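Peer 1: return atomic coordinates for the entry below.
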Amino acid sequence: MANYREEHIRNNRRLARQVVGAAALLLALIGLFTVLGWIVGLVRAALDDTDLRNEYRDRLYGMVMLDPVAFDDVNSVDEGIFKQAAIWGTVYQVQNSGGSLDQYERDPDTGSALIPALEIDTYISNLLGPDYQVTEGTFSTAEFVYQYDEEKQAYLVPVTSSVALYTPTVEKITKKDGQRIVTVGYVPTSSNNATGELSLTAPTEPTKYMDYVFTRGENRQWYLTALRDSNMQVEVTPIPAPTDAVVDNMQNEEMGTSDAASTEPAPVPEEGAEAAPDAENLDDTGDAPAEG
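Peer 2: Numbering: from 1, shown residues only. The predicted structure follows:
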């Protein structure tokens with residue numbers, strides 16, 4: 001009886017150890033899969049730069065839409081280029097965030113929106129860095145003359161004008177020689193909606209690519225320092241060769257034209273005009289026989 005009781009106790013202990021071991025194994029497996037899932041998530045997040053590309057798309061919108069020429073030094077560029085890009089980049093940001101140009105005060109004489117110079121300066125500072133100095137005042141570009149209101153410290157912006165040449169799509173972001181290179185596709189855009197107010201909308205495929213070069217500045221932030229032609233080229237869609245059926249149709253059309261030409265009636269000589277001699281009625285000399 002005592003042996004049976006001891007055996008029973010040993011069996012219970014063995015069962016308890018097995019249950020505890022199984023639970024520990026289950027927890028270990030759960031932990032392993034959790035860690036694996038966490039690692040996969042980190043790798044996927046590291047490889048997916050969608051958010052970063054969208055950030056640069058919005059940041060470069062004002063530049064791309066006006067299509068400035070390439071440069072190697074921002075200080076060699078007319079500051080009006082950056083001021084104009086900042087103005088329309090600000091307009092885009094307002095619209096992209098669900099806002100409207102109606103939130104700006106309008107000039108009573110021209111109806112232009114009065115966009116504060118502070119917003120323009122902030123846009124430029126975020127793009128080119130705090131060291132880039134902007135001179136406030138009226139400036140002109142190939143498109144417009146932007147009047148500056150000293151009293152209101154704002155730029156008069158013609159909101160119904162067509163200025164958007166392209167919209168950006170960021171194709172890739174790479175690093176080389178300590179610089180961040182943002183390759184941007186230029187997509188042609190329609191510029192005005194039915195109401196006449198500027199509408200920055202994106203259509204189809206890029207027609208060219210440019211590389212925006214960023215360098216680290218203060219607070220380890222990336223700032224635009226150059227704009228270069230990109231090695232990425234537009235893929236040209238080949239024109240398909242005509243199929244056999246198309247070739248047959250073309251040949252039939254040509255043959256039909258020839259047949260039609262051959263079946264046209266001979267021209268009738270005008271009244272009083274001398275008829276050409278019939279070849280069958282010519283004598284050996286080639287002259288028509290004299291009438292007897």
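
Peer 1: which parts of the stretch 51-200 of the chain are helices?
Peer 2: 61-66, 79-96, 117-128 (DSSP state H, counting those that start in this stretch).

Peer 1: do you know which of those helices lies nearest Asn12?
Peer 2: When those are compared by CB to CB, helix 79-96 sits nearest Asn12, at 69.3 Å. Backbone N, C-alpha and C define where each C-beta goes, glycine included.

Peer 1: got the buried residues for that closest one?
Peer 2: Using 16 or more other CB atoms under 10 Å as the test for burial, helix 79-96 gives 79, 81-95.

Peer 1: again, but for stretch 176-187
Peer 2: 180-187.

Peer 1: run the chain-centre distance for it.
Peer 2: Taking the mean of its C-alpha atoms, stretch 176-187 sits 14 Å from the chain's own mean (CA atoms, centre = their mean, to the nearest Å).

Peer 1: before we move on, back to that, reformat the buried residues of stretch 176-187 as CSV; add pLDDT and distance to Tyr148.
Peer 2: Shown next, in CSV, are the buried residues of stretch 176-187 (pLDDT from 0 to 100; distance: CB to CB, whole Å):
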residue, pLDDT, distance to Tyr148
Arg180, 96, 33
Ile181, 97, 35
Val182, 97, 31
Thr183, 97, 35
Val184, 97, 30
Gly185, 96, 34
Tyr186, 95, 30
Val187, 90, 32
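
Peer 1: follow-up on the earlier one: and which of the buried residues of helix 79-96 is nearest to Thr141?
Peer 2: Gln84 (5.2 Å).

Peer 1: doesn't Asp67 make contact with the closest one?
Peer 2: No: using CB atoms under 8 Å, Gln84 is not in contact with Asp67, being 11.4 Å away.

Peer 1: ok, back up a step: what is the nearest of the buried residues of helix 79-96 to Phe71?
Peer 2: Within the buried residues of helix 79-96, the smallest distance to Phe71 is 8.9 Å, found for Ile81 (CB to CB).

Peer 1: excluding chain neighbours, what is closest to that closest one?
Peer 2: Pro68 (5.2 Å; CB to CB, 6 or more residues apart in numbering).

Peer 1: hey, what's the nearest residue to Asn54 once chain neighbours are set aside bridged with?
Peer 2: Leaving out its chain neighbours, the residue that sits closest to Asn54 by CB to CB, 6+ apart is Val170, at 7.5 Å. Taking DSSP bridges as the rule, Val170 bridges to Val184.

Peer 1: how about the CA coordinates for stretch 149-156, as PDB?
Peer 2: C-alpha atoms of stretch 149-156 as PDB (Å, rounded to 0.1, in the frame of the first residue of the first chain):
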ATOM      1  CA  ASP A 149       3.200  95.200 -49.000                       C
ATOM      2  CA  GLU A 150       5.400  96.800 -46.500                       C
ATOM      3  CA  GLU A 151       2.600  97.700 -44.100                       C
ATOM      4  CA  LYS A 152       1.100  94.200 -44.000                       C
ATOM      5  CA  GLN A 153       4.500  92.500 -44.500                       C
ATOM      6  CA  ALA A 154       3.000  90.200 -47.000                       C
ATOM      7  CA  TYR A 155       3.400  89.300 -50.700                       C
ATOM      8  CA  LEU A 156       0.500  89.800 -53.200                       C
END
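
Peer 1: closest to Gly111 out of the helices of the stretch 51-200 of the chain?
Peer 2: helix 79-96 (15.0 Å).

Peer 1: which other helices and strands does the closest one contact?
Peer 2: Secondary-structure packing of helix 79-96 (3 or more CB pairs under 8 Å, 6 or more residues apart in numbering; DSSP states H and E): helix 50-59, helix 61-66, strand 113-116, helix 117-128, strand 139-140, strand 145-146, strand 154-157.

Peer 1: which of the buried residues of helix 79-96 has the weakest pLDDT?
Peer 2: Among the buried residues of helix 79-96, Gln95 has the lowest pLDDT, at 87.

Peer 1: one step back: just give me the neighbour total for the residue nearest to Ile81.
Peer 2: 16 (other CB atoms under 10 Å).
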